[in-house]
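Undergrad: Next come a sequence and a model predicted from it.
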Amino acid sequence: MWLNNVVAGLTPGATYAIVGVLLTLMSQLTRVVNFAQVAVGMFGGYISLTLVTKMHLPIFVGVIVGVLVAAILSALLGWIIATWLSEASTSARSAVTVAGLLFLISLAFILFGYRNQPFPTIVAGPLFTLPGGAVVSKVTVVVIVLAIVITVGSWAFLKFTAFGVKLRAVSDRQMAAELLGLNVKMLNVSVWFVTGAIAGITVALVGPSASNDYVTLSSIVIPGAAAALVGAFKRMDLALIGGLAIGAIQGLFAGFPNLLIVRDWVPIIFIILFLLWNQRKEVWDVAR
Amino acid sequence: MSLKLNDVTVSRGVGPVISNVTLEVTPGEVTTLVGPNGAGKTSLLESLSGVIGISSGSIELDGVDISKMSRRRRSHAGLAHVQQGRMIFPSLTVKENLQLTARTKADMDGALALFPELEKRLDSATVLLSGGEQQMVVLARAFASKPKYILLDEMSLGLAPVVFLRLIPVIEQIAKTGVGVLLVEQFAHLALKIASDALVITSGHVSYHGAADALLTNPELLKKAYLG
């Protein structure tokens, strides 16, 4: 029973992990906590839905267009920040993404209406059953694999490619990189584009099996941020583990009716615990 | 062929920090810029590379007006600016730092020829190097971009004089390859030794412009120029 619940929690957990990794990348490479990270994916998802249900396009075409829309929206937000807030503080830059989040949710209500509609399913059905009887679905495996591929792939890309080295240089010292002739704006916007596309793919995969109203989908950024905090917005591997752990714990709580209410608090508890842990030295220093 | 500042004024915050400065850096020579703290030396270099804008006047690089160009385009036009402090990219190795600007193996070899001691440290994270080694990386990286002109801002900052002495002949060597060097330095006597031309700047104005030798051999002249 409990194993079934934990396994069920792994799909949202892997989603949080992906979002956590994306937020870590964005924070490291573009100095932004991107609150609109999932909202661009949500918007792309609804574009796909419209293309498939209203224009009767094949699912794969709808998904590709949706992912592209998510990437372009994200790149646009990145371009605005890179153009007008290139030397602003992280807080000011992040505040712009809150505006982006609210704008996309409002626009979704205007364009797609107030009624929830199910997303077209890309991956469905069980894949295998664990010895205890817990059923592992295809989407769970696909999203976990995607989370791992994104984490390892991002690390390898940043470590071993010339483009990745340039991104790291910009993240270290933007001005010095610019003085060396690096196209800082293009590098920044490319990070936004790619992370937007990944958010689009993630929503396309998990949207059909989750609550997919605009606000709930966009709010996945909160447990995603909790996952990123596990890695202190610096380590993608810990963000991956953190996301999976949050999902698994939420799944576990779902098995106990008395604890059901606590389920939604898990990400917030993670965030509070991290902040307390992070501040422990400050307290010690003041005490001294 | 030169890097020229024509009657440039730079304002920062409350008022001008550089007023009507004219100077010329010629290829293959070192021009030294000295002056007391807060005189506007760093602002002057920053205006050349585009870190800050100019209020009036113009900046020309080999006859092309670069005053309105972005920092990136100025770099592509042949200007390298080594800023104050040790501007390494800490998360990168020595090799990765150099690869950012070295387009060919020859560029990389040329940069390493300046500081052969870096060859053993190519795979080390630059953050783990000593201050002197970090400045070597920064200077080699600037040279690897094959600039026409290099602006060097207080490379000795935070370094022991003996470490800075290792950098001085390299700056001379860079100039000998045909690169024009504009050197801002607190160790005036060391900087003037390798320069052909010198400027003393005080409170944003040029108080002396002439042969570096004259300042070096006449401390009174230097003192007078410093005091404005």
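TA: Perfect, I can see it now. Residues are numbered from 1 along each chain as shown, chains lettered A, B, ... in the order given.

Undergrad: Helix, strand or coil: sort out B:Ile52 for me.
TA: Judged by DSSP: H, G, I helix; E, B strand; the rest coil, the three-state class of B:Ile52 is coil.

Undergrad: Hmm, it is touching B:Arg12, no?
TA: Yes. Counting by C-beta atoms under 8 Å, B:Arg12 is a contact partner of B:Ile52 at 6.6 Å. C-beta: built from backbone N, CA, C; applies to glycine.

Undergrad: intersection of neighbour lists for those two?
TA: Common contacts of B:Ile52 and B:Arg12, defined by C-beta atoms under 8 Å, 6 or more residues apart in numbering or on different chains, comprise B:Ser43.

Undergrad: Now A:Ala124. Its backbone dihedrals?
TA: With angles defined as degrees, to the nearest 10, A:Ala124 sits at phi -150, psi 160.

Undergrad: Let me see the contact set for it.
TA: By C-beta under 8 Å, 6+ apart, A:Ala124 lies in contact with A:Ser137, A:Lys138, A:Val139, A:Pro208.

Undergrad: same question, B:Thr26
TA: With contact set as C-beta under 8 Å, 6+ apart, B:Thr26 has these partners: B:Met1, B:Ser2, B:Gly180, B:Asp197.

Undergrad: Among the contacts of A:Ala124, name the ones in helices.
TA: Taking DSSP state H, the ones among those that sit in helices are A:Lys138, A:Val139.

Undergrad: and which of the contacts of A:Ala124 is nearest chain B?
TA: Nearest to chain B, judged by C-beta to the nearest C-beta, of those is A:Val139 at 35.6 Å.

Undergrad: And the nearest residue to the closest one once chain neighbours are set aside, what's its pLDDT?
TA: Once flanking residues are discounted, A:Val139 sits nearest to A:Val123: 4.7 Å by C-beta to C-beta, 6 or more residues apart in numbering or on different chains. Looking at A:Val123, its pLDDT is 85.

Undergrad: Need phi/psi at A:Val123.
TA: phi -120, psi 130.

Undergrad: what number of residues lie near B:Pro219?
TA: Residues lying near B:Pro219 (other C-beta atoms under 10 Å in any protein chain shown) number 11.

Undergrad: my bad, B:Asn37
TA: Residues lying near B:Asn37 (other C-beta under 10 Å) number 7.

Undergrad: Enumerate every residue touching it.
TA: By C-beta under 8 Å, 6+ apart, the contact list for B:Asn37 is empty.

Undergrad: Could you verify that it is part of a helix?
TA: No. The assignment for B:Asn37, made by three-state DSSP, is coil rather than a helix.

Undergrad: hmm, back to that, which neighbouring residues are in contact with the residue nearest to A:Val139, exactly?
TA: Counting by C-beta under 8 Å, 6+ apart, A:Val123 touches A:Lys138, A:Val139, A:Val142, A:Leu205.

Undergrad: which of those tops the neighbour count?
TA: A:Leu205 (24 neighbours).

Undergrad: That one sits in which helix or strand?
TA: Per DSSP states H and E: A:Leu205 is located in helix A:184-206.

Undergrad: what does B:Thr22 give?
TA: strand B:15-25.

Undergrad: Okay, now the sheet partners of the helix or strand following that strand, with direction.
TA: Of the helices and strands lying after strand B:15-25 in sequence (DSSP H and E), the nearest is strand B:30-34. Using DSSP bridges, strand B:30-34 pairs in its sheet with strand B:180-184 (parallel), strand B:197-202 (parallel).

Undergrad: Test my guess that A:Gly224 contacts A:Leu22.
TA: Yes. Using C-beta under 8 Å, A:Gly224 is in contact with A:Leu22, at 7.4 Å.

Undergrad: intersection of neighbour lists for those two?
TA: Residues touching both A:Gly224 and A:Leu22 by C-beta under 8 Å, 6+ apart: A:Gln37.

Undergrad: Relative to the whole chain's centre, how far out is the helix holding A:Leu205?
TA: Centroid separation for helix A:184-206 versus its chain: 10 Å, with C-alpha atoms, centre = their mean, to the nearest Å.

Undergrad: what does stretch A:32-50 give?
TA: Offset of stretch A:32-50 from its chain centre (C-alpha atoms, centre = their mean): 10 Å.

Undergrad: about what we covered before: averaging pLDDT over each of the strands paired with strand B:30-34, which comes out lowest?
TA: For those, where the average pLDDT is lowest is strand B:197-202, sitting at a mean of 92.

Undergrad: residues in contact with that one?
TA: Under C-beta under 8 Å, 6+ apart, the answer for strand B:197-202 is B:21, B:23, B:26, B:29-36, B:39-41, B:44, B:192, B:206-212, B:214-215, B:222, B:225-228.

Undergrad: returning to what we had before: roughly how far apart are the residue nearest to A:Val139 and chain B?
TA: According to C-beta to the nearest C-beta, to the nearest Å, A:Val123 stands 37 Å off from chain B.

Undergrad: Spit out the contact partners of the one residue in chain B that gets nearest to chain A.
TA: Of all residues in chain B, B:Ser75 sits closest to chain A, at 3.5 Å by C-beta to the nearest C-beta. Counting by C-beta under 8 Å, 6+ apart, B:Ser75 makes contact with A:Glu178, A:Leu179, A:Leu180, A:Gly181, B:Ser49, B:His81, B:Ser145.

Undergrad: Mind giving me the ChimeraX command for buried ones among those?
TA: Entered in ChimeraX, the line below selects the buried ones among the contacts of B:Ser75, by 16 or more other C-beta atoms under 10 Å in any protein chain shown:
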select /A:178,179,180,181 /B:49,81,145
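
Undergrad: now, which of the contacts of B:Ser75 sits nearest A:Ala8?
TA: Closest approach to A:Ala8 among the contacts of B:Ser75 (C-beta to C-beta): A:Glu178, at 47.9 Å.

Undergrad: Surely that closest one touches A:Lys185?
TA: No. Here A:Glu178 does not reach A:Lys185: they are 9.0 Å apart, not a contact under C-beta under 8 Å.

Undergrad: Longest helix in the chain, please.
TA: The chain I'm using is chain A. Assignment by DSSP H gives helix A:2-30 as the longest helix of chain A.

Undergrad: that's the wrong chain, I meant chain B
TA: Longest helix in chain B by number of residues (criterion: DSSP H): helix B:161-176.

Undergrad: Around chain A, which positions in chain B sit nearby?
TA: Residues of chain B lying close to chain A (C-beta under 8 Å from any C-beta of the partner chain) are B:49, B:51, B:71-72, B:75-76, B:80-81, B:83, B:87, B:89-92, B:96-97, B:99-101, B:141-142, B:145.

Undergrad: B:Ser43 is in contact with B:Val17, correct?
TA: Yes. Judged on C-beta under 8 Å, B:Val17 makes contact with B:Ser43 at a distance of 4.6 Å.

Undergrad: what touches both of these two?
TA: Shared contacts of B:Val17 and B:Ser43 (C-beta under 8 Å, 6+ apart): B:Val10, B:Gly204.

Undergrad: so who does the residue of the stretch 151-288 of chain A found nearest chain B touch?
TA: The nearest approach of the stretch 151-288 of chain A to chain B comes at A:Gly181, 3.5 Å away (C-beta to the nearest C-beta). Residues near A:Gly181 by C-beta under 8 Å, 6+ apart: B:Arg72, B:Ser75, B:His76, B:Thr101, B:Ser145.

Undergrad: What helix or strand is the first one located in?
TA: The secondary structure element spanning B:Arg72 is helix B:71-77 (assigned by DSSP H and E).

Undergrad: Which positions in that helix come out as buried?
TA: Buried, per 16+ other C-beta under 10 Å, within helix B:71-77: B:Arg71, B:Arg72, B:Arg74, B:Ser75, B:Ala77.
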